[in-house]
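A.B. asks: Make a model of this:
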Amino acid sequence: MSRVGGSPITVPDGVTVAIENAQLTAKGSKGELVVTLSKDVDVALADNTVTVSPKGKDKQARAIWGTVRSNINNAVVGVSTGFTRQLEINGVGYRAAMQGNKLSLNLGYSHPVTMDVPAGLTVSVDNNTKIDISGADKQLLGQFAAEVRAKRPPEPFKGKGVKYADEYIVRKEGKKK
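C.D. replies: Numbering: from 1, shown residues only. I've put the predicted structure just below:
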């Protein structure tokens, strides 16, 4: 039994939700998102409230119930307020810059690493070391942030690399003489 799936989703003002053809569409000030619904759950919309319930008692329906509810909630929150993720770059000579719609990273390699910013996301760089990624789609935002971090993950000895702003790096002591 899902603890998350049972709670209803309140649709805020300025957001419209429509359900048709096994898809839920949420439109708001930050954009429009479409969530594909599973055939194992029932989704009902009434009085600016979305409720999700499993169709049967089988294992698949109970397993997907909370996931579908979370995906719908992420879409509703994304189109109303949006999501942000902050990254920090630590290291001598490590820096980031925006060049049009591309994120250019100097991370100690012999060449700069350039990444295309996906449509629907906005990226800003502060002081060459702080990267702010924002957008309505939580999955796309998290995937892009993980790809940026994967270009040079933080190492445990000096902490050099790209890390999330709220991430704690467990440090190691290093060599002893």
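
A.B. asks: Just give the number of residues close to N21.
C.D. replies: Residues lying near N21 (other C-beta atoms under 10 Å) number 7. The way it works is simple: take the backbone N, C-alpha and C, and place the C-beta from them, glycine included.

A.B. asks: for G56, same thing?
C.D. replies: Neighbours of G56 (other C-beta under 10 Å): 10.

A.B. asks: can you check the one 10 residues further on too?
C.D. replies: In terms of burial, G66 registers 19 neighbours under the definition other C-beta under 10 Å.

A.B. asks: a helix runs through it, doesn't it?
C.D. replies: Yes. According to DSSP: H, G, I helix; E, B strand; the rest coil, G66 belongs to a helix.

A.B. asks: okay but it is in contact with R3, surely?
C.D. replies: Yes. Assessed by C-beta atoms under 8 Å, G66 is found in contact with R3 at 7.3 Å.

A.B. asks: A145 contacts E88, doesn't it?
C.D. replies: No. A145 is not in contact with E88 according to C-beta under 8 Å; the separation is 11.7 Å.

A.B. asks: need the strands for the chain, in chain order.
C.D. replies: 9-10, 16-20, 23-28, 31-36, 41-46, 49-54, 83-90, 95-99, 102-106, 113-116, 121-126, 130-135, 161-164 (DSSP state E).

A.B. asks: okay, the ones you listed in a markdown table with distance to E155 and mean pLDDT next?
C.D. replies: Listed next are the strands of the chain as a markdown table, based on distance: least, C-beta to C-beta, whole Å; pLDDT from 0 to 100:
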| stretch | distance to E155 | mean pLDDT |
| --- | --- | --- |
| strand 9-10 | 41 | 94 |
| strand 16-20 | 45 | 93 |
| strand 23-28 | 40 | 94 |
| strand 31-36 | 36 | 94 |
| strand 41-46 | 43 | 92 |
| strand 49-54 | 42 | 93 |
| strand 83-90 | 10 | 96 |
| strand 95-99 | 17 | 95 |
| strand 102-106 | 16 | 96 |
| strand 113-116 | 17 | 96 |
| strand 121-126 | 22 | 95 |
| strand 130-135 | 18 | 96 |
| strand 161-164 | 6 | 96 |
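
A.B. asks: mind putting those in CSV, distance to K151 and mean neighbour count included?
C.D. replies: Shown next, in CSV, are the strands of the chain (distance: least, C-beta to C-beta, whole Å; neighbours: other C-beta atoms under 10 Å):
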stretch, distance to K151, mean neighbour count
strand 9-10, 36, 16
strand 16-20, 37, 13
strand 23-28, 32, 19
strand 31-36, 27, 15
strand 41-46, 38, 15
strand 49-54, 37, 19
strand 83-90, 10, 18
strand 95-99, 10, 15
strand 102-106, 6, 17
strand 113-116, 5, 12
strand 121-126, 14, 15
strand 130-135, 11, 18
strand 161-164, 6, 20
